[in-house]
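Q: Okay, sequence plus prediction incoming.
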Amino acid sequence: MPSRRDQIKLTDEELSGLVESERIVVVSSIGPRGWPHSMPLWYVPRHGEVWIWTYAKSQKVKNLERDPRATLLIETGTEYQDLRGVQIEAEAELIRDTETIVDFAKELTIRYSEGIESVEGDAAAALQAQAPKRAAIHFLPKRVASWDHRKLGGTY
């Protein structure tokens, strides 16, 4: 008989669907005093991996420069029987290349702006102007744990 952990684990397709459909990832890095530093962020899934952007001088970036390990949490549900989520232990790749940052910023803008299919003109210029102050972060997954309590069928 499979363990409860195995019963609630997301399939690859379910995991991809969750990452694609949710809008906020909580990124936890190791702060300067050794305590977790957790921040909710908008993200873009690229080939099943999570990407964010943030200010290059932010605490997150400083933490990840010192230690690239991070834990990511994407979750949904309000009642126990509806909880679904994924925890991803990852290594952060900090990207400072302006062109890559601008391309990512456009992708992020499209994902979080209803009805926009491209970023051009003044909006593109604004992203270009912000890019030198920003860093894109690509999280490379090392270990993934997922759950879907709906699979328990009301028995906990």
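A: Happy to help now that I have it. Numbering: from 1, shown residues only.
Q: May I see the buried residues of the longest strand that the chain contains?
A: As assigned by DSSP state E, the longest strand anywhere in the chain is strand 134-148. Under the neighbour-count criterion of 16 or more other C-beta atoms under 10 Å, strand 134-148 has 134-139, 146-148 buried. (Glycine included, C-beta is placed from N, CA and C.)
Q: Which neighbours in the sheet does that strand have, and how are they oriented?
A: With DSSP bridges as the test, strand 134-148 is paired with strand 49-55 (antiparallel), strand 84-95 (antiparallel).
Q: So for the longest one, mean pLDDT?
A: Spelled out, it's strand 84-95. Regarding strand 84-95, the rounded mean pLDDT is 98.
Q: those strands in the protein, which residues are they?
A: Using DSSP E, strands in the chain cover 24-30, 36-42, 44-46, 49-55, 69-76, 84-95, 134-148.
Q: Dump those strands to a markdown table, plus distance to Lys9.
A: Formatted as a markdown table, these follow (distance: least, C-beta to C-beta, whole Å):
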| stretch | distance to Lys9 |
| --- | --- |
| strand 24-30 | 19 |
| strand 36-42 | 24 |
| strand 44-46 | 19 |
| strand 49-55 | 19 |
| strand 69-76 | 15 |
| strand 84-95 | 10 |
| strand 134-148 | 6 |
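Q: Tell me which of these approaches Glu107 most closely.
A: For the strands of the chain, distance to Glu107 was read as C-beta to C-beta. The smallest value, 5.1 Å, belongs to strand 44-46.
Q: can you pull the buried residues of the closest one?
A: For strand 44-46, by 16+ other C-beta under 10 Å, it's 44-45.
Q: helices and strands around it, which ones?
A: Counting contacts by 3 or more C-beta pairs under 8 Å, 6 or more residues apart in numbering; DSSP states H and E, strand 44-46 packs against helix 12-21, strand 49-55, helix 98-112.
Q: Many thanks, I have nothing further to ask.
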